[in-house]
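Undergrad: I'll drop the sequence and a predicted model, then ask my questions.
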Amino acid sequence: MGAALYPECVSVRYLSCGDTAFSVEFGNEITPEINGRVMALHAAIGAARLPGVVETVPSMRALLVCYDPLSTSRADLEPEIAALIARGLPVGQASRRVTVPCCYDDPEFAPDLAEVAERTKRKPEDVIAAHLGSAFKVYVLGFMPGLAYIAGLDRGLYLPRRSQPRVRVPRSSVAIAMDMTTIYPFESPGGWHLVGRTPLWMFDQRREQPVFLAPGDALTFQRIDRKTFDRIAREVEAGTFDWNQLVTNR
């Protein structure tokens, strides 16, 4: 099936961000459609290799275009980017599908599972099933290296952040808040609800690409028991885990 194109009538706003970058905004809402436009423009600029562009950084609803001010300017780049948008941005392009193993069974790993079940009027097993069945997509990376904001959480699990954030959230904790899930790449403070833990490290400087997830990734969680968790954790720690088995291109 061929990729669709975003229409020429897409409303876009350009905002300067200092003298070396500007933002291309596609709207004020956080939706799959708007984020899809951001990712499509991100890919289109990369393919066009516009002179002077240093990098593009996608966010939930906008694309930051960073450039070398000695070789180009916003005045030069904006019409070129507008022309890319006017020609139509391909959607539904190939992206990665990532599977993340997650253990929900150990109370140490899922200290908020019972509370989430109570507040959403579900059984803990139903919360786990809803999390496993959610159609997740990585929107953006931020807050700390490797932390992904992953949208698509089952609507029945929507909850605000905790009223009392934790001082320490263990590395690799899987958490939910609002319409999103995330995986903590390091031990850090955090206010999301902890419902499981993965044995994977979202950031590992030993890897050629230290950050595991990327904007645009489609993500699903796979339930594992504590024995499997411990085995994978040992392999990740030793640097012998085969990360390729978790990723397929589509």
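TA: Sure, I can see it.
Undergrad: wait, isn't G191 in contact with A177?
TA: Yes - with the criterion set as Cβ atoms under 8 Å, G191 and A177 qualify as a contacting pair; they are 7.2 Å apart. C-beta coordinates here come from the backbone N, C-alpha and C atoms, glycine included.
Undergrad: Can you spell out which helices and strands pack onto the biggest helix by length in the chain?
TA: Among the segments of the chain that qualify as a helix by DSSP state H, the longest is helix 32-48. Helices and strands touching helix 32-48, by 3 or more Cβ pairs under 8 Å, 6 or more residues apart in numbering; DSSP states H and E, are strand 53-58, strand 62-67, helix 74-87, strand 136-141.
Undergrad: neighbouring contacts of stretch 49-64?
TA: By Cβ atoms under 8 Å, 6 or more residues apart in numbering, the residues outside stretch 49-64 that reach it are 17, 20-30, 34-35, 38-39, 41-42, 45-46, 65-68, 71-73, 76-77, 80-81, 139-140, 142, 149, 215-216.
Undergrad: burial measure for Q245, as a count.
TA: Other residues near Q245 number 8, with proximity taken as other Cβ atoms under 10 Å.
Undergrad: Pull out the buried positions in stretch 50-67.
TA: Neighbour counts using 16 or more other Cβ atoms under 10 Å place 50, 52-53, 56-65, 67 of stretch 50-67 among the buried residues.
Undergrad: That stretch: end-to-end distance?
TA: The first and final residues of stretch 50-67 sit 10 Å from each other (Cα to Cα, to the nearest Å).
Undergrad: Name the helix or strand for E118, please.
TA: Using DSSP states H and E, the secondary-structure element containing E118 is helix 113-119.
Undergrad: Can I get that helix in CSV, CA atoms only?
TA: Taking C-alpha atoms only, helix 113-119 is exported to CSV below (Å, rounded to 0.1, in the frame of the first residue of the first chain):
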residue,chain,number,x,y,z
LEU,A,113,-0.1,-1.6,40.2
ALA,A,114,-2.7,-2.2,42.9
GLU,A,115,-3.5,1.5,43.3
VAL,A,116,-3.8,2.0,39.5
ALA,A,117,-6.2,-0.9,39.4
GLU,A,118,-8.3,0.6,42.3
ARG,A,119,-8.4,4.1,40.8
